[in-house]
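Visitor: Fold the following, please.
(chains A and B)
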There are 2 protein chains.
Amino acid sequence: MVKMRGGDTSRLRRINLAATLRALRGQGPVALTELARRAELSRPTVESLVEELLSAGWLTELPPESGQMGRPARLVAFHATAAHVLAVDVGSYIIRATVADLEGALAGAHAERVNPACGREERLAAIRAAARSALKAANVSARQVAAVCVGTTGVVTAEGVVKLSVGLPDWTGVDLAGAIRGEFDCPVLVENDCNLAALAEGWTGHAQGVDDVVFVLSGVRTGAGMLIGGRLHRGGRGAAGEIGALPLVGWHRAPSHLTAYEGLPPGTQPEEAAAFVFARARTGDLAAQHSVDQYAHDLAEGIAAVVLTVDPDLVVIGGGVSRSGDVLLEPLRRHLDPLCLEPPALAISSLGDQAVVQGAVRHALNHVDAGLYDIDRPLPQAVKGDPR
Amino acid sequence: MVKMRGGDTSRLRRINLAATLRALRGQGPVALTELARRAELSRPTVESLVEELLSAGWLTELPPESGQMGRPARLVAFHATAAHVLAVDVGSYIIRATVADLEGALAGAHAERVNPACGREERLAAIRAAARSALKAANVSARQVAAVCVGTTGVVTAEGVVKLSVGLPDWTGVDLAGAIRGEFDCPVLVENDCNLAALAEGWTGHAQGVDDVVFVLSGVRTGAGMLIGGRLHRGGRGAAGEIGALPLVGWHRAPSHLTAYEGLPPGTQPEEAAAFVFARARTGDLAAQHSVDQYAHDLAEGIAAVVLTVDPDLVVIGGGVSRSGDVLLEPLRRHLDPLCLEPPALAISSLGDQAVVQGAVRHALNHVDAGLYDIDRPLPQAVKGDPR
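Guide: Alright, predicted model coming up:
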């Protein structure tokens, strides 16, 4: 019902606070008169709402614009730097941390190299160090962080525990949310890295405006994440997209075709092997092209299983291999199309090695936005426990 | 915004018509005073809304209840028999047609046997004959049908054309919606049979209240349909659940283990083979148990691919084999669990051979309901073009 009764005035006010925020998000400064028009509210109501939003820290007031007649117009804007989000991508070799403001603009970033064979505590320490360095680069304190999101390989529970990981040593069972939570006075989200990359593709990548999208991480590891109806589909136990665990389809052996290429210089690290083989294939090296062909064959098997199950509108190939899309795309199409009922729409990600961390920014922002727009909860404060 | 301005009064009335219908659906007769309380509307407003809904045919008025004091209370109820839906399941051997009222109650049904080798025109004629017989059994005229839904094997386009079918001869390319539409003055929906069975499981079967469900049709054919977030997931091109097309997983060969059982009496029809082999396995026949085991092995491969891709909350096994759940479940679990990261929740359908036609009833009802509750469209009329 759209009518409001006596006890519902606070609810009506909460709805109007959310409407005022929506009318200001992603805009420049707006005059109060214009804001009243956009939010379909009276001028006195808007003034009262704006005062509450200014006091909670979500809006900022700009110097008044002097009109040609009468008093100057009050100007307000969404306070995009009222708080920030911190996003972390836990890779095998590199931990990436990014700080972004509430509109998603980059405020600072840091990449920390880590020994791929290192144990749990060393990796957790590297995550904390990367986070601290990114915050320092952004000149943002831990108290100014409204939400943290950490992306990791493996199956992640709703509580942020890595239930199963084959990609990182000593990683199964790590309570990643618990290990990070102590550093921050805000929610800490943990999500599978492929799921986050799918979110990133929907936000700024090829999947903008696309309903059903599968993101395939291809490189040293192979994994998948998906959006269904434009929303992240985690699965009942956080294990959607784990088709690589099925030995019948070739994801488990796909990367071995690249690391087994005989032309690799001695001492090539596994994470460098793919780039090397693709570069050689590009120059016309037949053995390298054969390795790429075998890799594409096995990658296609797992993609076909996902395509035949969910019938997505788009498949995006990302991860390390995405920089070699010119070499990969032809053999992948050749192996994939005959396995599917119809050739699926296929794109190579343009987000490169930023896909996971960008998806973590989006996931953290979604969490903050949910709090701002959830009319069943009180309006949160942008800055908490400020001892001013 | 919850405020309504001048031009929005007709929209407000449409919202209130929908709210009044919602307050009456699935209830018995309700007094107008009680209806006003439930819908949070004034008594004069409710009287006016009820008049419009009575006139459109969606409500029925009952003899007034004489109160102890003053005038008798007006009683109204949702008019569940104001219109009906027609549901058809196009099987290989049997065409089932069911007529249900607007609350889903069975009004009449008919099953028409058909030669599995028959051509397109003969099958279309059998569909029309089954529909006519079901309407006759329900004493409902074609004009009283508010929506038709036909379930068929194969990939179905949004326009109701069977784009691809390997299950029925001469069926690929048939414009099923077009072939039925001429008989009815209402929308004709066509949907994949496994998708409809998944809807039925969510409506009256094991998947009630479950978010993500995969229905596996097992028998002479093997197929899958799914609900994601409680809604039917068709896929971008209507081809979700077509994992059986991937030769790497064993669905294409699964039924052959049953039809190749050496103990089958000569002349056993394929559709009877499964029931026969399962019955023999139940008595302890080792060869039959071996056939069931091989069948379960191949069924498990395809189920594992779907489970590892979407991570559903529940997998329901239906179709012809569902009556032999006691024999199938143990070998299926034994083959399936090692292929999955965690053993999936598994249930045997209790809807038997009614799953597809029940899902078609639900799909048609959802279409009717969408028209009733869509506040962006005018209130439809329950009975159209009545020349009274």
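
Visitor: For the stretch 201-350 of chain A, which segments count as strands?
Guide: Shown for the stretch 201-350 of chain A, the strands assigned by DSSP state E, counting those that start in this stretch span residues A:213-218, A:222-228, A:231-232, A:314-318, A:346-348.

Visitor: is it possible to export these to TSV including mean neighbour count, mean pLDDT and distance to residue B:249?
Guide: Bear in mind the C-beta positions are built from the backbone N, C-alpha and C, glycine included. Putting the strands of the stretch 201-350 of chain A into TSV (neighbours: other Cβ atoms under 10 Å in any protein chain shown; pLDDT from 0 to 100; distance: least, Cβ to Cβ, whole Å) gives the following:
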stretch	mean neighbour count	mean pLDDT	distance to residue B:249
strand A:213-218	30	96	18
strand A:222-228	26	97	16
strand A:231-232	17	96	26
strand A:314-318	25	97	19
strand A:346-348	19	95	22
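
Visitor: So which of those is nearest chain B?
Guide: Chain B sits nearest to strand A:222-228 of all those, at 5.4 Å, using Cβ to the nearest Cβ.

Visitor: thinking in terms of the whole chain, how far from its middle is that closest one?
Guide: Distance of strand A:222-228 from the chain centroid (Cα atoms, centre = their mean, to the nearest Å) equals 12 Å.

Visitor: Now look at that strand and say if it contacts chain B.
Guide: Yes - using Cβ under 8 Å from any Cβ of the partner chain, we find that strand A:222-228 touches chain B at A:224, A:228.

Visitor: how about the strands of the stretch 201-350 of chain A in TSV, adding distance to residue B:303?
Guide: Below are these laid out as TSV (distance: least, Cβ to Cβ, whole Å):
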stretch	distance to residue B:303
strand A:213-218	20
strand A:222-228	18
strand A:231-232	24
strand A:314-318	22
strand A:346-348	27
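
Visitor: Of all the ones you listed, which one is nearest residue A:174?
Guide: strand A:222-228 (17.7 Å; Cβ to Cβ).

Visitor: which bits of the stretch 51-200 of chain A sit near chain B?
Guide: Applying Cβ under 8 Å from any Cβ, we find that the stretch 51-200 of chain A lies next to chain B at A:155, A:164.

Visitor: Give me the below-cutoff pLDDT ranges for the stretch 51-200 of chain A.
Guide: For the stretch 51-200 of chain A, residues meeting the criterion pLDDT under 70 lie at A:66-70.

Visitor: switch the cut-off to 50
Guide: Counting by pLDDT under 50, not a single residue of the stretch 51-200 of chain A qualifies.

Visitor: How about residue A:163: what's its closest non-neighbour residue?
Guide: Leaving aside its sequence neighbours, residue A:163 sits nearest to residue A:155 (Cβ to Cβ, 6 or more residues apart in numbering or on different chains; 4.6 Å).

Visitor: try residue A:18
Guide: Residue A:18 sits nearest to residue A:373 (Cβ to Cβ, 6+ apart), 4.8 Å away.

Visitor: Correct me if wrong: that neighbour contacts residue A:25.
Guide: No - contact criterion Cβ atoms under 8 Å: residue A:373 and residue A:25 do not qualify, at 9.7 Å.

Visitor: picking that back up, quick check: phi and psi on the residue nearest to residue A:163?
Guide: phi -90, psi 130 (degrees, to the nearest 10).

Visitor: What's opposite it in the beta bridge?
Guide: residue A:164 (DSSP bridges).

Visitor: what helices or strands is the strand or helix carrying residue A:194 leaning on?
Guide: Secondary structure from DSSP states H and E places residue A:194 in helix A:193-204. Here helix A:193-204 touches strand A:84-90, strand A:145-152, strand A:213-218, strand A:222-228, strand A:231-232, strand A:314-318, helix A:355-373, going by 3 or more Cβ pairs under 8 Å, 6 or more residues apart in numbering or on different chains; DSSP states H and E.

Visitor: Adding distance to residue A:344, write those out as a markdown table.
Guide: Formatted as a markdown table, these follow (distance: least, Cβ to Cβ, whole Å):
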| stretch | distance to residue A:344 |
| --- | --- |
| strand A:84-90 | 27 |
| strand A:145-152 | 25 |
| strand A:213-218 | 9 |
| strand A:222-228 | 13 |
| strand A:231-232 | 20 |
| strand A:314-318 | 5 |
| helix A:355-373 | 19 |
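
Visitor: Nearest to residue B:342, out of the ones you listed?
Guide: Across the helices and strands packed on helix A:193-204, closest to residue B:342 is strand A:222-228 (Cβ to Cβ), at 17.2 Å.

Visitor: Can you list the strands that the closest one pairs with?
Guide: Here, using DSSP bridges, strand A:222-228 pairs with strand A:213-218 (antiparallel), strand A:231-232 (antiparallel).

Visitor: Skipping its backbone neighbours, what lies nearest residue A:293 in space?
Guide: Per Cβ to Cβ, 6+ apart, closest to residue A:293 is residue A:331, 4.8 Å.

Visitor: so who does the one you found touch?
Guide: Applying Cβ atoms under 8 Å, 6 or more residues apart in numbering or on different chains to residue A:331 gives the contacts A:292, A:293, A:296, A:297.

Visitor: Residue A:61: helix or strand, and which one exactly?
Guide: strand A:59-65.

Visitor: helices and strands around that strand, which ones?
Guide: helix A:43-56, strand A:73-78.

Visitor: give me that answer again for 6 Å
Guide: Counting contacts by 3 or more Cβ pairs under 6 Å, 6 or more residues apart in numbering or on different chains; DSSP states H and E, strand A:59-65 packs against strand A:73-78.

Visitor: Note down every partner strand of the helix or strand residue A:112 falls within and its orientation.
Guide: Here residue A:112 sits within strand A:106-113, counting by DSSP H and E. According to DSSP bridges, strand A:106-113 forms sheet pairs with strand A:94-101 (antiparallel).

Visitor: tell me the angle the partner strand makes with strand A:84-90.
Guide: Calculated by axes from the mean of the first three to the mean of the last three Cα atoms, to 10 degrees, strand A:94-101 forms an angle of 170 degrees with strand A:84-90.

Visitor: returning to that earlier point: between strand A:213-218 and the helix holding residue A:194, find me the angle.
Guide: Helix A:193-204 runs at 130 degrees relative to strand A:213-218, counting by the same axes, to 10 degrees.

Visitor: what about helix A:193-204, distance to the chain center?
Guide: 5 Å.

Visitor: between it and helix A:355-373, how big is the angle?
Guide: 70 degrees.

Visitor: Thanks a lot, catch you later.
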